[in-house]
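Asks: Here is a sequence with its predicted model. Questions after.
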Amino acid sequence: MYRYVIKRLLLMIPVVLGVSFIIFTIMYFIPGDPASNILGVGASPEAVAQLNEELGYNDPFIVRYVNYISDAVLHLDLGTSYQNKLPVTGEIAKRLPVSATLAFGSIMLSLLIGVPIGVLSAVKQYSLWDKIPTGLALLVAAMPAFIIGMLLMLVFSLQLGILPVSGVTQGLKSYILPVISLGLPYGARQLRFTRSSMLETIRQDYVRTAKAKGASQKKTIWGHAMKNALMPVITVAGTSFGALLGGAIATESLFGLPGLGTYISDGIKLKDVPAVLGGIIVFALLFSLVMLAVDLSYAFVDPRIKARYAGRR
Amino acid sequence: MNEALLEVKDLTVKYVTDLETVHAVNRISFSLGRGQTIGLVGETGAGKTTTALSIMRLLPERTGKVTGGEIRFAGQDLLAMPEHEMQAIRGEKIAMIFQDPMTSLNPVMTVGDQIAEALDLHNDQGRSREQIQERVDEVLSMVGIPPQRKSEYPHQFSGGMKQRVVIAIALACEPELLIADEPTTALDVTIQAQVISMIRELRDRLQTAMIMITHDLGIVAQTCDNVAVMYAGALIEIGSAEDIFLGGDHHPYTVGLFGSIPNLRSKAKRLTPIPGLMPDPTHLPEGCSFSPRCPHATEQCRTAPPAVYTRGSHRICCHLFADREGWKEDA
């Protein structure tokens, strides 16, 4: 098992390197040079050329990439933002908790909504307990997060005035609306996955065996079916996390949250190459870690997978 | 026959969907005394498993419906019983062994826990955790599995061992009635013999009544006191093992069934399968449901459903016996 974890951690290195290479290449082809970005329009051509030289802009592509990676790995230095001349690493460290709170909160909300209601609608298939939630889920899942966000803002911030419109000045309270608007569509997705997984599981022979032992409906569902139905649920939660990081960009902008999402989107608008590069690499790293956690959690749910991990060299 | 433990009377089960109605079981009646074994024989789709699930009240909730008849177990009407009372009977008084051991155990639960669950659900004696675990060990060794394997998961067991676990679950509470639904169909031939002799031995030791569902006449001959032959949801012949295996009078379907298995003593070069297929259970023929395949079928067979004719313990549902010597129409 430990061998498996270590192997997977080592495998993350090429993944993150690959992502960084692709992003670095894309950024390389974006027109414009760092010095004119930093110095602004009024700068003299000589000053621009000199700064570009200092920043290593005139080095060959591969040299620049290798320098960037070695700085990142050896000194945790992701370069300096063109925008505010601050180190990217420090900025990411400051913004990461905001994004993490948003993503974690949204995943939790989606699970809290999706799993219990999904189970309920599977168990009561075709009844109103099934039809109403799945119908609503379809509606919510089809709505982009920012639409839900704007509606929530309209009601709770502008009409009722009980929750802040934007920013993180009011602590956790500031996260309520963003988490709902981002988590709700994923909750709807989670509901549908839980429902179909549960429907499949409750038709399995071992559920019938449990009933034949004299177990009640409740015991068969929670004691036997739930653990077996959980695998797809975990998978969806994990992959949602990736999509959630992407979706967070829109939600963070809408609610003016100073997270990684806004950092990257602002960076793209201002051609702030180090900011975009650093932000995306951190996203890739996070996503790989979450996927590893997902794969490991399978082992806790299913002893067959645990045995397979243990057997793998 | 001593006092009946199980009495099934005119049981009729239908599977109803939006598209069609499947007449799975049609007015079957049989009874089973304490400690006795009845074999339920027939082709796939004859309604054997449906009969068993009706007794367990585990028919698919939305589609499966008992539309007539009654099932009495130890004097109680099972079909009229509220679900929570039925839960107390399932596993405790009536237990079932399912066909496919590969899928009938929960893959994410240790076999010990799965056996303990049955004991835990019917813990009338107020056993402690330790006592339940002791009983789990006991049941496991009873089915020939070393008790220390109870902390293993089903995927660590072979098919035959899994079926032993399933049997251990079924017998944990020492039920009065055991329903074995083709317990060996999914197993290798060599393992089949082991499992069957084990079931037989445990049945004798625990004095359990049993319904043995199978399409293997050899198993029936080895295990059963009485035999019921089902065809297209109907009981077409029922009698003691002697009546079925030694007697000369049989329903034409039973004759066909025996003709389709190899016999070491007879010199037949070829088996004689029954021509044709079982009728579509959504549209059963008007008269005798076997008439389309029956070599003796007359016009009467195609139009009028046959009555039941009896001779001693032997009952046959066929027009041919209307005026055969020694056979009387059942009232």
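Replies: Received, thanks.

Asks: Listing request: residues of the stretch 151-300 of chain A with sub-threshold pLDDT.
Replies: A:246-247 (pLDDT under 70).

Asks: Chain B contacts on that one?
Replies: Proximity of the stretch 151-300 of chain A to chain B (C-beta under 8 Å from any C-beta of the partner chain) is limited to residues A:204-206, A:208-216, A:219, A:223-224, A:227-228. (C-beta placed from N, C-alpha, C; glycine too.)

Asks: repeat that with 10 Å
Replies: Within the stretch 151-300 of chain A, the positions lying close to chain B (C-beta under 10 Å from any C-beta of the partner chain) are A:202-217, A:219-220, A:223-228, A:230-231, A:300.

Asks: Now for A:V119: which residues touch it?
Replies: Going by C-beta atoms under 10 Å, 6 or more residues apart in numbering or on different chains, A:V119 touches A:191, A:194-195, A:197-198, A:201-202, A:221-222, A:225-226, A:229, A:233.

Asks: mind checking the SS state of residue 186?
Replies: Here I'm looking at chain A. Per DSSP: H, G, I helix; E, B strand; the rest coil, the secondary structure class of A:Y186 is helix.

Asks: The chain in question should be chain B.
Replies: Recorded secondary structure, B:A186: coil (three-state DSSP).

Asks: Let me see the contact set for it.
Replies: B:A186 sits next to B:F98, B:Q99, B:D100, B:P101, B:M102, B:T103, B:S104, B:G159, B:G160, B:K162, B:Q163, B:Q192 when contact means C-beta under 10 Å, 6+ apart.

Asks: What residue in the stretch 201-313 of chain A comes nearest to chain B?
Replies: For the stretch 201-313 of chain A, the residue closest to chain B is A:G214, as judged by C-beta to the nearest C-beta, at 3.5 Å.

Asks: Quick check: next helix or strand after whatever helix or strand B:E134 lives in?
Replies: Per DSSP states H and E: B:E134 is located in helix B:129-142. Sequence-wise, the next helix or strand downstream of helix B:129-142 (DSSP H and E) is helix B:159-171.

Asks: Just give me how far that following helix sits from the chain centre.
Replies: Averaged C-alpha coordinates place helix B:159-171 at 17 Å from its chain's average position (C-alpha atoms, centre = their mean, to the nearest Å).

Asks: now swap in stretch A:43-56 and tell me
Replies: The answer for stretch A:43-56 is 38 Å, by C-alpha atoms, centre = their mean.

Asks: quick one: contacts of it?
Replies: Contacts to stretch A:43-56, defined as C-beta under 10 Å, 6+ apart, come from residues A:33-40, A:57-59, A:63-64, A:67-68, A:79-80, A:82, A:274.

Asks: Give me the subset of the residues you listed lying in helices.
Replies: Among those, the residues falling in helices (DSSP state H) are A:P34, A:A35, A:S36, A:N37, A:I38, A:L39, A:V63, A:R64, A:N67, A:Y68, A:P274.

Asks: and the helix holding B:E134, is it in reach of chain A?
Replies: No: counting by C-beta under 10 Å from any C-beta, chain A is not contacted by helix B:129-142; separation bottoms out at 13.0 Å.

Asks: name the helices or strands packed onto that helix?
Replies: Contacts defined by 3 or more C-beta pairs under 10 Å, 6 or more residues apart in numbering or on different chains; DSSP states H and E place helix B:129-142 against helix B:111-121, helix B:159-171, helix B:189-206.

Asks: For residue 201, grab the count of nearby residues.
Replies: Using chain A here. Using other C-beta atoms under 10 Å in any protein chain shown, A:T201 has 22 neighbouring residues.

Asks: Correction: the question concerned chain B.
Replies: Burial of B:E201 is recorded as 11 neighbouring residues (other C-beta under 10 Å).

Asks: rewinding a little: show me the subset of the contacts of B:A186 that also lies near chain A.
Replies: Contacts with chain A within those, as defined by C-beta under 10 Å from any C-beta: B:F98, B:Q99, B:D100, B:P101, B:M102, B:T103, B:S104.

Asks: Okay, the closest residue to chain A within chain B and B:G35: tell me how far apart.
Replies: Using C-beta to the nearest C-beta, the single residue of chain B nearest to chain A is B:G91, 3.5 Å away. B:G91 sits 20 Å away from B:G35, going by C-beta to C-beta, to the nearest Å.

Asks: Please say which of these two ends up with more neighbours.
Replies: Neighbour comparison, B:G91 and B:G35: the larger count goes to B:G91, with 27 against 16 (by other C-beta under 10 Å).

Asks: Spit out the contact partners of that one.
Replies: B:G91 neighbours (C-beta under 10 Å, 6+ apart): A:209-215, B:56, B:117-119, B:121-122, B:169-170, B:172-173, B:175.

Asks: Which pLDDT does the model give it?
Replies: Looking at B:G91, its pLDDT is 92.

Asks: Does the closest residue to it other than its chain neighbours belong to a helix, a strand or coil?
Replies: Of all residues not flanking B:G91 in the chain, A:G214 sits nearest, at 3.5 Å (C-beta to C-beta, 6 or more residues apart in numbering or on different chains). At A:G214 the chain is in coil, as set by three-state DSSP.

Asks: who touches A:G214 in this structure?
Replies: By C-beta under 10 Å, 6+ apart, the contact set of A:G214 is B:86-95, B:117-118, B:120-122, B:173.

Asks: mind redoing it with 7 Å?
Replies: The neighbourhood of A:G214, defined by C-beta atoms under 7 Å, 6 or more residues apart in numbering or on different chains, consists of B:Q87, B:A88, B:R90, B:G91, B:E92, B:L121, B:H122.

Asks: With that, I have no additional questions.
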